[in-house]
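**Student:** Pasting a predicted model and its sequence here:
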Amino acid sequence: MYMKYFVNDVAPILFAKNHAHVFLKQVVNLAFLYQQVRNPILGIAATHRSCKLDHELSSVRELNPAYRDSITYRARSKLSEYPQCSDEIELLSVLLSVMMEILVGDSLDWFQLLQRAYRILERCGGILSLTNDKDDQLKLISVQLFCYLDFVSSLSTCNPPYIEMQQMNQFETSYNISESLEEFDIEGLVDESLLSNTEINSRFVSSLLSDSDTSNILKIELGFKFGIAGDIFKIMGKISALASLRKLRGRDSKYDIEFDRFASEIEMKLQNWDVPEEINFENISDFQRTQYALALQWACFLRLHQIRYGYNRDDSRPKGCLVNILQAIESIPEGSQLESGLMVPLILAGSVASREDDRRVILKRMRNISGTLKFPYIQRFEMLLMRIWERDSLDGNFVNWAAVRYYEFPGLVMF
């Protein structure tokens with residue numbers, strides 16, 4: 001039942017029309033052969049069905065069997081006792097489990113699973129090695145899913161994406177740690193002895209993959225239909241890398257200089273970025289495309305400002321970013337396909353919005369997206385915003401929303 005539901009109801013929501021058939025042809029066929037591929041797909045389908053039933057059930061007395069099913073399939077997908085299979089099948093199954101956990105948003109299992117996927121990729125020879133085989137659709141799908149999930153999740157972890165990490169042998173860098181605490185700027189949270197000079201230096205060195213390498217990989221474009229599109233991935237990955245460096249400021253003037261240089265480089269890239277012509281939405285006017293780009297762009301400007309200068313929402317820059325984000329969002333009609341791609345701008349706008357009118361607009365749009373997509377992570381982001389706003393009386397204009405997300409909603413990934 002859930003496999004059919006995934007094909008007919010969930011896949012059209014997850015993937016653009018011209019990509020869904022590629023995914024279904026390659027992956028669903030494998031799901032009938034391999035339980036480790038089948039279970040996360042059924043888990044995604046049951047999770048969506050459970051949310052849909054929550055919207056449809058007229059009485060609280062009516063039971064929702066899909067919820068129990070979703071829990072069952074999520075548990076099964078993380079078993080390690082599956083029969084031995086190829087690295088390609090194992091990688092795909094792990095990435096599907098990452099996708100499943102992100103769409104639920106209530107645990108950090110996706111973080112550990114993504115680390116596991118990265119180790120499998122290394123075992124297979126690395127990302128570039130897999131993408132060299134242009135005729136192997138399964139490898140391309142797995143690489144694209146990894147890159148997509150890697151870049152998207154990095155905005156929430158405040159760690160550089162795996163694909164951006166320096167892997168040259170001369171740097172003995174260890175990134176197999178939990179989510180970075182450095183960005184939150186809270187005394188005593190970081191053991192500074194853990195940051196060796198080689199690690200500090202390596203973070204300022206360009207990644208093993210060039211901009212063109214990453215862009216070419218991302219142009220495979222098999223990500224979520226409602227996510228972020230195009231080379232903005234690369235810029236958001238750099239913002240996350242910058243966040244991981246924030247705690248280094250003040251130790252040495254050379255790090256201050258490098259931090260500011262890196263931040264200015266990101267800002268320049270943001271200023272020059274434009275939404276690509278081919279995005280995962282059909283029949284979108286040029287005006288709506290422009291507004292969508294502006295909403296994403298100003299959300300990134302706001303996040304960049306928070307990392308460089310802190311969380312005072314009374315500063316002129318956050319105020320200006322908020323106005324521009326909301327103007328762009330209001331220019332996109334409710335119910336538009338593009339509305340479901342506005343989660344990141346809505347979350348960033350919500351992090352600095354203090355007027356009740358602005359907050360109502362943000363919540364209304366977020367609830368529209370929740371009704372369209374019907375995945376639980378969106379409802380949890382609404383809970384996150386409410387929790388951030390509850391801290392007005394405690395923190396005033398200096399609410400560190402990233403710390404609230406880290407401690408109270410650790411499973412959430414913005415996309």
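**Tutor:** Yep, that arrived.
**Student:** Was I right to think residue 12 contacts residue 24?
**Tutor:** No - counting by C-beta atoms under 8 Å, residue 24 is not a contact partner of residue 12; they are 10.0 Å apart. For the C-beta atoms, the positions are set from N, CA and C on the backbone; glycine is no exception.
**Student:** Please, which helix or strand holds residue 235?
**Tutor:** In the assignment (DSSP states H and E), residue 235 maps to helix 232-245.
**Student:** For residue 332, which three-state class applies?
**Tutor:** Assigned with DSSP: H, G, I helix; E, B strand; the rest coil, residue 332 falls in the coil class.
**Student:** Pull the distance from stretch 365-377 to the chain's centre.
**Tutor:** 16 Å (C-alpha atoms, centre = their mean, to the nearest Å).
**Student:** and that stretch, average pLDDT?
**Tutor:** What stretch 365-377 shows for mean pLDDT is 94.
**Student:** ok, and for it, which residues are buried?
**Tutor:** 365-366, 368-370, 373-377 (16 or more other C-beta atoms under 10 Å).
**Student:** now this protein, which segments are flagged as low pLDDT?
**Tutor:** By pLDDT under 70, the weakly predicted segments of the chain are 16-19, 57-62, 164-230, 275-282.
**Student:** Excluding sequence neighbours, find me the nearest residue to the most centrally placed residue in it.
**Tutor:** With distances taken as C-alpha atoms, centre = their mean, residue 152 lies nearest the centre of the chain, 2.6 Å away. Distances taken as C-beta to C-beta, 6 or more residues apart in numbering place residue 415 nearest to residue 152, at 4.1 Å, with adjacent residues excluded.
**Student:** What distance do you get for that neighbour to residue 71?
**Tutor:** As defined by C-beta to C-beta, to the nearest Å, residue 415 lies at a distance of 23 Å from residue 71.
**Student:** Strands of the chain, residue ranges please.
**Tutor:** For the chain, no strands are identified by DSSP state E.
**Student:** Can you check which helix is longest in it?
**Tutor:** Ordering each helix of the chain by length in residues (DSSP state H) puts helix 286-309 first.
**Student:** Pull the contacting residues for residue 401.
**Tutor:** With contact taken as C-beta atoms under 8 Å, 6 or more residues apart in numbering, residue 401 is in contact with 311, 350-351, 384, 388.
**Student:** where's residue 20 relative to residue 45, distance?
**Tutor:** When distance is defined by C-beta to C-beta, residue 20 is 14 Å away from residue 45.
**Student:** out of those two, which sits in the busier spot?
**Tutor:** residue 45 (26 against 18; other C-beta atoms under 10 Å).
**Student:** wouldn't that one be in contact with residue 10 here?
**Tutor:** Yes - applying C-beta under 8 Å as the test, residue 45 and residue 10 come out as touching, 5.4 Å apart.
**Student:** Tell me how many other residues crowd residue 394.
**Tutor:** Around residue 394 there are 8 residues (other C-beta under 10 Å).
**Student:** and if you look at residue 409?
**Tutor:** For residue 409, using other C-beta under 10 Å, the count is 18.
**Student:** need the contact list for the closest residue to it other than its chain neighbours.
**Tutor:** In space, and not counting its chain neighbours, residue 409 is closest to residue 384: 4.9 Å by C-beta to C-beta, 6+ apart. The contact partners of residue 384, by C-beta under 8 Å, 6+ apart, come to 347, 401, 404-405, 408-409, 412.
**Student:** Reformat the contacts of residue 401 as JSON lines; add distance to residue 51.
**Tutor:** As requested, those are exported to JSON lines (distance: C-beta to C-beta, whole Å):
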{"residue": "311", "distance to residue 51": "32"}
{"residue": "350", "distance to residue 51": "21"}
{"residue": "351", "distance to residue 51": "25"}
{"residue": "384", "distance to residue 51": "17"}
{"residue": "388", "distance to residue 51": "23"}
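**Student:** Out of those residues, give me the two with the largest separation.
**Tutor:** 311 and 384 (14.9 Å; C-beta to C-beta).
**Student:** buried set for stretch 395-415?
**Tutor:** Under 16+ other C-beta under 10 Å, the buried positions of stretch 395-415 are 399-406, 409-415.
**Student:** Which members of these occur in helices, if any?
**Tutor:** Residues of the buried residues of stretch 395-415 located in helices (DSSP H): 401-406.
**Student:** re earlier: for residue 156, see how far away the residue nearest to residue 152 is.
**Tutor:** In this view, residue 415 and residue 156 are 9 Å apart by C-beta to C-beta.
**Student:** For the nearest residue to residue 103 once chain neighbours are set aside, give me its contacts.
**Tutor:** Leaving aside its chain neighbours, residue 103 sits nearest to residue 375 (4.5 Å; criterion: C-beta to C-beta, 6+ apart). By C-beta under 8 Å, 6+ apart, the contact list for residue 375 reads 47-48, 51, 103-105.
**Student:** Nearest to residue 289, out of those: which one, please.
**Tutor:** residue 103 (25.7 Å).
**Student:** and residue 24, what does it touch?
**Tutor:** Contacts of residue 24 by C-beta under 8 Å, 6+ apart are 7, 11.
**Student:** thinking again about what came up before, name the nearest of the contacts of residue 401 relative to residue 93.
**Tutor:** Nearest to residue 93 among those, counting by C-beta to C-beta, is residue 384 at 29.4 Å.
**Student:** would you put the C-alpha positions of stretch 13-26 in PDB?
**Tutor:** Written as PDB, here are the backbone C-alpha positions of stretch 13-26 (Å, rounded to 0.1, in the frame of the first residue of the first chain):
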ATOM      1  CA  ILE A  13       5.600  16.300  -4.100                       C
ATOM      2  CA  LEU A  14       9.300  15.500  -3.500                       C
ATOM      3  CA  PHE A  15      10.600  15.700  -7.100                       C
ATOM      4  CA  ALA A  16      10.100  17.900 -10.100                       C
ATOM      5  CA  LYS A  17       8.100  16.200 -12.900                       C
ATOM      6  CA  ASN A  18      11.200  15.800 -15.200                       C
ATOM      7  CA  HIS A  19      13.200  14.200 -12.400                       C
ATOM      8  CA  ALA A  20      10.600  12.000 -10.600                       C
ATOM      9  CA  HIS A  21      10.500   9.400 -13.300                       C
ATOM     10  CA  VAL A  22      14.300   9.000 -13.100                       C
ATOM     11  CA  PHE A  23      14.200   8.500  -9.400                       C
ATOM     12  CA  LEU A  24      11.200   6.100  -9.600                       C
ATOM     13  CA  LYS A  25      12.700   4.100 -12.400                       C
ATOM     14  CA  GLN A  26      16.000   3.600 -10.700                       C
END
